[in-house]
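Asker: let me see the structure of the following:
(one chain, ligands or ions: 1)
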Amino acid sequence: MNQRSGQGRGGGRDDRPRARDGRRDSAGHQRGAARMRGDGRRSAAAPSMRDRSSDEPRAAAFDVLVDVETNDAYANLVLPARLARADLGGRDAAFATELAYGTLRMQGHYDAILSECVDRALPDIDAPVRVALRLGAHQLLGMRVPAHAAVSQTVGLVRHKIGAGPAQFVNAVLRKVSTKTADQWQAGIAAQLSDPVELASFTYSHPAWIVRALKAALVANGRDPGELEELLRADNTPAPVMLVARPGLIDPAELLTHSGGGRVARLSPFAVEAGAVPPRHIAAVKDGRAGVQDEGSQLVALALAAAPIDGRDKRWLDMCAGPGGKTALLAALAARRGARVVANEVQPHRAGLVRKNVAAAAPGSIEAVRTADGRDIGGDEPGSFDRVLVDAPCTGLGALRRRPEARWRKQPSDLPELSALQRELLESALAAVRPGGIVAYVTCSPHVAETKLVVDDVIRGRDDIEIVDAARVLESVVVDPGDSRVDFGAGPAIQLWPHIHHTDAMHATMLRRLR
Ligand SMILES: C[S@@+](CC[C@H](N)C(=O)[O-])C[C@H]1O[C@@H](n2cnc3c(N)ncnc32)[C@H](O)[C@@H]1O
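Answerer: Predicted coordinates for the structure are as follows:
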C-alpha cells in the first residue's frame, strides 16, 4: 500500500506529470477528513505562517528530510542542529519543525497521493526531489499555506538546491496535487480501498503491519479495537515536551517557574509540561536536576520503585540504562531511602550519556555506571539486586508521536532478533534479582511480540516467578487518582496509551522472584 506507483510510462526520465486518469473526481467527499486524521496540526500553521516569503525554514526542513531519507538520520537530532545553524527561533523554528515533522508523519499518505500524480514509481525519483514533493504536499494538504505560496516556495527551493529541471517537474506535480483538497484526495483514494487495515494505513499514514500490530495490542490489553483510529490519530499529534523534576533535586513548582508558562502534569507527581523556554536553556536541565522525559517513562520507573518488597531494599539495577533518563529518576528515588543504583549499558557512548544524566544525583545514590552486556549480569551476579529494571531495546512503536520517521524505518523483520534479545535480558534480570525482589520488564512498544509473548515465554514452566499487579501499583503513585486518565485497565501489566493517558505507549510487566 502507499506505493501505488509504476503504472505510468516507466523507463526514461520525464519530468512532466502524468495526465490524471479521472477516476475520482466525483467520489463522495469525506468532509473533515484531514482534521479527522489528526495530521498536520493545522493550528501549528497559524495565519502568521500562511504566506511566508522567507525560504529559510523550508530550506532547513528540506535539509533535515533529505538527511533522514538518505542517511537514516533521526529528525529529532538533526533538526535542532539545523535550526541553530540557521539561527531560526520562535515562529520560524515552529514553522520549520511542523514542515519537517508533519511531512515525515504523513509521508505514507502523501506518497499515495503523489503516486497518482507522477508517471513512475516514487522510489525511482531521486531522493531530494521525492522529499521536495512530500514537503510541498504537506504544505498544500496538511497546513494552511496558500497553494500559490506552497508551490512557488517549494519550486524555488528545488531550483536553488537541486536545479532547474527538477524544479519544473516539482512545479508540475504540485500543481496537480493542488487541484484537489485534502478531503477530496482522501475520499478518492479511500474509495479504492476495501480492506479496513489498508484504509486506516492510508488515512492515518501508518504502515499496514503497524496498524495490525496496534490493533492486536489494544485487544490483548482488553481495550476496544474501535479505539484504533483514536490511537493512530494520537500518533499523528505532536507530543508536548515533558520535563521531570528529579525528586530531592528540584521541585516541580520551581521547575515550572523556569520553563516559561508550562504546567504541572496530572499523572506523574514529578512531571512538568514544558513552556516556551527550550529545555536546553533551563539551568536545572543543563545541570541534571531535571530532564526531558515522557510522563509514561516516569510512571514505569515510579511503579518499579513503589512495588512492595519484603526485606532488604538497598541495591537496584538498571540493566539497559542508556541514555539514562530512568536511571536518573531511579537514583533520585533510591537516594530518599538509602538505596544505590547500578546502571548498566552495552554501548560505551550511551553509558557516557548515563553518566551525564546522573551528574546531579545525590552522592552515593549511584554505585556504578558500567559498560557491559546485560545478558551476562544474571550469571555473573546471581541474586544480587533488590529491584531490577529491564528497559529493553525494542521497536519503539509506542513513541511514534515523538519519532516521526520511526514508523517508516522499522520493519516486522526487526522483531525476531529483538524479541530474542528481550527474552535473554529478562532471563538475566530474573537471575540477577534476589528471591523476594522485583523485576520490571519495560518496553516503549505495545507490540504483543515484545511484551506479553516475551514474558509468557520466559516464565513458562517456572513456578518461582509471580506476576505482580503493576497496574494497581501504578494507581498508587499517580498524583491524582481521580483524574479521568487513571484508567490502567484490569492489569496485571501496565500498558499506557497516547490516546488515553497522553503518554508514550509504555508497557511494564512486574515479576517477583519467589525463591
Ligand atoms: C530503551 S533503551 C533504554 C532507555 C533508558 N532506560 C532511559 O530511560 O533512558 C534500551 C537500551 O538498551 C541498550 N542495550 C541493548 N542491548 C543491550 C544489552 N545486551 N545489554 C545492555 N544494554 C543493552 C541499548 O543500547 C539502549 O541504550
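
Asker: residues contacting the most centrally placed residue in the chain?
Answerer: The centre of the chain sits closest to residue 399, judged by CA atoms, centre = their mean, with a distance of 2.4 Å. With contacts defined as CB atoms under 8 Å, 6 or more residues apart in numbering, residue 399 is in contact with 294, 406, 444, 504-505. Every C-beta, even on glycine, is put in place using the N, C-alpha and C of the backbone.

Asker: give the contact list for residue 154.
Answerer: By CB under 8 Å, 6+ apart, the residues touching residue 154 are 58, 132, 135-136, 139, 170, 174.

Asker: now swap in residue 340 and tell me
Answerer: 314-316, 334, 364-367.

Asker: top of those residues by neighbour count?
Answerer: residue 316 (27 neighbours; other CB atoms under 10 Å).

Asker: wait, it sits on residue 384?
Answerer: No - with contact defined as CB atoms under 8 Å, residue 316 and residue 384 do not form a contacting pair (10.6 Å).

Asker: joint contacts of these two?
Answerer: Residues touching both residue 316 and residue 384 (CB under 8 Å, 6+ apart): none.

Asker: now, which of the contacts of residue 399 sits nearest the ligand?
Answerer: Nearest to the ligand among these, counting by CB to the nearest ligand atom, is residue 444 at 5.9 Å.

Asker: for the closest one, grab phi and psi.
Answerer: phi -100, psi 50 (degrees, to the nearest 10).

Asker: does it touch residue 401 like I think?
Answerer: No - with contact defined as CB under 8 Å, residue 444 does not reach residue 401; the gap is 11.2 Å.

Asker: mind listing what's buried along the longest helix along the chain?
Answerer: Ranked by number of residues, the top helix in the chain under DSSP state H is helix 415-432. For helix 415-432, the neighbour count (16 or more other CB atoms under 10 Å) marks 415, 418-419, 421-432 as buried.

Asker: please apply the same query to stretch 467-475.
Answerer: By neighbour count with 16+ other CB under 10 Å, stretch 467-475 contains the buried residues 468-471, 473-475.

Asker: identify, from those, the entry nearest to residue 105.
Answerer: Closest to residue 105 out of the buried residues of stretch 467-475 is residue 474 (28.9 Å), distances taken as CB to CB.

Asker: any idea how far the helix or strand encompassing that closest one is from the chain center?
Answerer: According to DSSP states H and E, residue 474 maps onto helix 470-477. Between the centre of helix 470-477 and the centre of its host chain there is 24 Å, according to CA atoms, centre = their mean, to the nearest Å.

Asker: quick one: contacts of that helix?
Answerer: Contacts to helix 470-477, defined as CB under 8 Å, 6+ apart, come from residues 268-269, 299, 302-303, 306-308, 440, 481, 486, 488-494, 508-510.

Asker: flag every residue of the stretch 301-450 of the chain that's near the ligand.
Answerer: 319-326, 344-347, 350, 373-375, 391, 393, 444 (CB under 6 Å from any ligand atom).

Asker: could you pick out the one among the contacts of residue 340 with the lowest pLDDT?
Answerer: Across those, the smallest pLDDT goes to residue 364, namely 95.

Asker: show me what contacts that residue?
Answerer: 335, 340.

Asker: now do the SS call for it.
Answerer: coil (DSSP: H, G, I helix; E, B strand; the rest coil).

Asker: for the one 3 residues further on, same thing?
Answerer: Three-state assignment for residue 367 (three-state DSSP): strand.

Asker: residue 147 contacts residue 178, correct?
Answerer: Yes - applying CB under 8 Å, one finds residue 147 in contact with residue 178, separated by 4.5 Å.

Asker: what's the first helix or strand after the helix or strand of the chain with the lowest mean pLDDT?
Answerer: Using mean pLDDT, DSSP states H and E, helix 33-37 stands out as the lowest-scoring helix or strand of the chain, at a mean of 46. As assigned by DSSP H and E, the chain's next helix or strand after helix 33-37 is helix 56-71.

Asker: and that next one, what's buried?
Answerer: 57-69.

Asker: wait, which of those residues is closest to the ligand?
Answerer: Nearest to the ligand, judged by CB to the nearest ligand atom, of the buried residues of helix 56-71 is residue 68 at 20.6 Å.
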